[in-house]
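# Here's a sequence, model it:
(chains A and B)
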Amino acid sequence: MATLMLRIRIEEKTFPGDDGQRRTIFCALSLDIADGQVCVLTGPSGVGKSTLLSIVSGIDREFRGSVSGRAPPSGMLFQTPRLLPWLTALRNVELAVPGRAPDAARWLAAVGLKGHEQDYPQRLSGGMARRVALARALAVEPALLLLDEPFASLDEATAQAMRNLLQDSFAKRRPTTLLVTHDLAFASSLGDRVIVLEGSPARIVRDVAISRRDDAGSARFKLGSPAQ
Amino acid sequence: MTEVSAITTNIQRWQSAAALLAMVLAWQIAASVAADRLFPGPVQVVSVLLHEAVRGDLLYHLCISLARVAASLGAAILIGAGLGFAAGRSRRADVWMRPWIVLLLNMPALITVILIYIWLGLAETALVLAVALNKIPNVVVTIREGASRLDKDFAEMAELYRFGRAAKLQHVVLPQLAPFFLVTLRSGLALTWKVVLLAELLGRSNGVGFQLQVYFQNFDVTHILAYAISFGVVMLAIEFGLLVPLERRLLAWRR
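Numbers count the residues shown, from 1 in each chain, chains lettered A, B, ... in the order given. Below you'll find the model as predicted:
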């Protein structure tokens, strides 16, 4: 049995609403994720998936509760690429892995951006900028990887290449991963578990383990079966 | 640059040169008509300017004034940026500083200079302090604006990827503040050299301001204009030789 790594306990997380009242996003949400497990988070837009990633990453500390078992380094693909516009693509990746410039270049090549190392983010398309951000997230060799809609704004061919890249990367090294996506076909091929969030405040309505058919290398859901 | 915009820029340059030439011509004609020693023409002024520059006095006084501008502006930016950053990042610091800033912003430079001279004596440090005090509130206001607009997303990204303090400052904070520093440097230069001249006139025995006072006592308008033009030329040289290249370098990524 894998070592339990992440214990997420959110007693309450609120946001200020438009009417001045605070809106509760999470209330008594509890989630354990085992070391090296790839956990797919899905659910309707605005339910709080990205907020959950921010809480797990440690950058959002404005909630009641705790996240324990988080070991550095973390890599995160945010909803927007968050590249520093005054630095080239290569420098953006390099900054996350100081002293490991060749690794930064290698990861940029891996996401298909060889030849764009010296481009500034504003010269890159939205999809290219997202790939730079993905290269940065993977280059740190994260113990915890958080991916927020990694294939949004990518054309189908590039999205497929990125799926393959993630699969290859996970085959070599499998960090504990929380992945927000609506692409359940992909989720089933990569993830160990699918968690469906719904409602307001959001709660886990499905927690589904994914079993793989070794012969075909593909996977299918076993709906309703608990992950642990 | 497209061909059309290059042509437009060239036309604008020629128009500026023509406007300048027209101004010099009008000045020469007016001076010839007035034929008065209190209203010298450009030829006279430029010949005095060259003579003063070659003889050495002008360069000496110019260098002294420039050193004072550099010291005062440097001190103002250093102190003002620190205070402005604190005010931009902390509501409490902003509340505490606001009345002081408003007071100093509205204080005439003349009053600050006179008071500091009275309290500290007619010394070099008094001049630098008085001039810096005039500029500090402007720096605080500008940098406060920049600091309050620092992108939260970048700060979160830097935190997640565990950038060191130095890397955060160098690659995340300062590049966002660069346009605000450029504004404060440019407006600071314009304000500081005027106040330096005033402070020299009131309490120093060298510098362009002191020389202007001497020539004022003699009603020597030719020398007054020669010194004024020399300082203007130096400021233009700083703008195009230093600030514009600096701006290009700092904001290269926007192109």
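
# got a pLDDT number for A:Ser188?
pLDDT, the model's per-residue confidence, is 78 for A:Ser188.

# cool, A:Ala28 as well?
Note for A:Ala28: predicted pLDDT of 92.

# in the helix or strand hosting it, what counts as buried?
Using DSSP states H and E, A:Ala28 maps to strand A:22-34. Buried residues in strand A:22-34, counted by 16 or more other C-beta atoms under 10 Å in any protein chain shown: A:25-27, A:29, A:31, A:33-34. Backbone N, C-alpha and C define where each C-beta goes, glycine included.

# Over to stretch B:216-232?
Going by 16+ other C-beta under 10 Å, stretch B:216-232 has these buried residues: B:220-227, B:230-231.

# I'd like the next helix or strand past the longest helix seen in chain A.
Longest helix in chain A by number of residues (criterion: DSSP state H): helix A:156-172. Using DSSP H and E, the helix or strand that follows helix A:156-172 in sequence is strand A:176-180.

# Walk me through which strands that next one pairs with, and which way each runs.
Its sheet considered, strand A:176-180 pairs with strand A:38-42 (parallel), strand A:144-148 (parallel) by DSSP bridges.

# ranges for the helices of chain A?
Per DSSP H, chain A carries helices over the ranges A:49-57, A:89-96, A:101-110, A:126-139, A:156-172, A:184-190.

# can you tell which of these is closest to B:Gln211?
Smallest distance to B:Gln211 across the helices of chain A (C-beta to C-beta): 49.5 Å, for helix A:89-96.

# what's that closest one in contact with?
Helix A:89-96 has contacts (C-beta atoms under 8 Å, 6 or more residues apart in numbering or on different chains) with A:75, A:83-84, A:87, A:100-101, A:104-105, A:107-108, A:113, A:116-121, A:124, A:132, A:135-136, A:139-140, B:161, B:163, B:167, B:171.

# hang on, the earlier thing: same list, the helices of chain A, but as CSV with distance to B:Ile7 and mean neighbour count please.
Output for the helices of chain A, formatted as CSV (distance: least, C-beta to C-beta, whole Å; neighbours: other C-beta atoms under 10 Å in any protein chain shown):
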stretch, distance to B:Ile7, mean neighbour count
helix A:49-57, 49, 22
helix A:89-96, 35, 24
helix A:101-110, 40, 18
helix A:126-139, 34, 24
helix A:156-172, 41, 14
helix A:184-190, 53, 17
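
# Next up, the contacts around the residue positioned nearest the centre of chain A.
In chain A, the residue lying closest to the centroid (C-alpha atoms, centre = their mean) is A:Leu147, at 1.6 Å. Counting by C-beta under 8 Å, 6+ apart, A:Leu147 touches A:76-77, A:134, A:137, A:177-181.

# Nearest to chain B among those residues?
Of all those, chain B sits closest to A:Met76, with 5.4 Å by C-beta to the nearest C-beta.

# so what's the closest one closest to, chain neighbours aside?
Distances taken as C-beta to C-beta, 6 or more residues apart in numbering or on different chains put A:Leu146 closest to A:Met76, at 4.3 Å, once the chain neighbours are dropped.

# for chain B, what are the nearby residues on chain A?
A:54, A:57-59, A:72-76, A:78, A:80, A:82, A:84-87, A:95-96, A:98, A:120, A:122, A:136, A:140 (C-beta under 8 Å from any C-beta of the partner chain).

# Just the buried residues from those, in ChimeraX please.
Buried members of these, defined by 16+ other C-beta under 10 Å, are picked up in ChimeraX with:
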select /A:54,57,58,59,73,74,75,76,78,82,84,86,87,95,96,120,136,140
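
# residues contacting the residue of chain B most remote from its centre?
Distance to the chain centre peaks in chain B at B:Leu160, reaching 39.7 Å (criterion: C-alpha atoms, centre = their mean). Taking C-beta under 8 Å, 6+ apart, we find B:Leu160 in contact with A:57-59, A:74, A:76.

# Return the subset of the residues you listed lying in strands.
A:74, A:76 (DSSP state E).

# Next, format the buried residues of stretch B:216-232 as CSV and append distance to A:Val208, secondary structure and pLDDT.
Below are these laid out as CSV (distance: C-beta to C-beta, whole Å; DSSP: H, G, I helix; E, B strand; the rest coil; pLDDT from 0 to 100):
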residue, distance to A:Val208, secondary structure, pLDDT
B:Asp220, 92, coil, 93
B:Val221, 90, helix, 94
B:Thr222, 91, helix, 94
B:His223, 89, helix, 93
B:Ile224, 86, helix, 94
B:Leu225, 85, helix, 94
B:Ala226, 86, helix, 93
B:Tyr227, 83, helix, 92
B:Ser230, 80, helix, 91
B:Phe231, 77, helix, 85
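
# tell me the angle the longest helix of chain A makes with strand A:38-42.
Helix A:156-172 runs at 140 degrees relative to strand A:38-42, counting by axes from the mean of the first three to the mean of the last three C-alpha atoms, to 10 degrees.

# who does helix A:156-172 touch, helix- and strand-wise?
helix A:126-139, helix A:184-190 (3 or more C-beta pairs under 8 Å, 6 or more residues apart in numbering or on different chains; DSSP states H and E).

# returning to that earlier point: just the closest of the contacts of A:Leu147 to B:Gly121, please.
Closest to B:Gly121, out of all of those and judged by C-beta to C-beta, is A:Met76, at 59.0 Å.

# tell me, what residue is most central in chain B?
Residue closest to the average C-alpha location in chain B (C-alpha atoms, centre = their mean): B:Leu189, at 0.6 Å.

# and the one helix or strand that residue maps to with chain A, contact?
Applying DSSP H and E as the criterion places B:Leu189 in helix B:174-203. Yes: residues of helix B:174-203 contacting chain A under C-beta under 8 Å from any C-beta: B:Pro175.

# So B:Ala199 sits against B:Thr112, correct?
No: look at B:Ala199 against B:Thr112 with C-beta atoms under 8 Å: they stay out of range, at 9.1 Å.

# which one of the two has more residues nearby?
Using other C-beta atoms under 10 Å in any protein chain shown as the criterion, B:Ala199 and B:Thr112 rank with B:Ala199 on top: 31 against 20.
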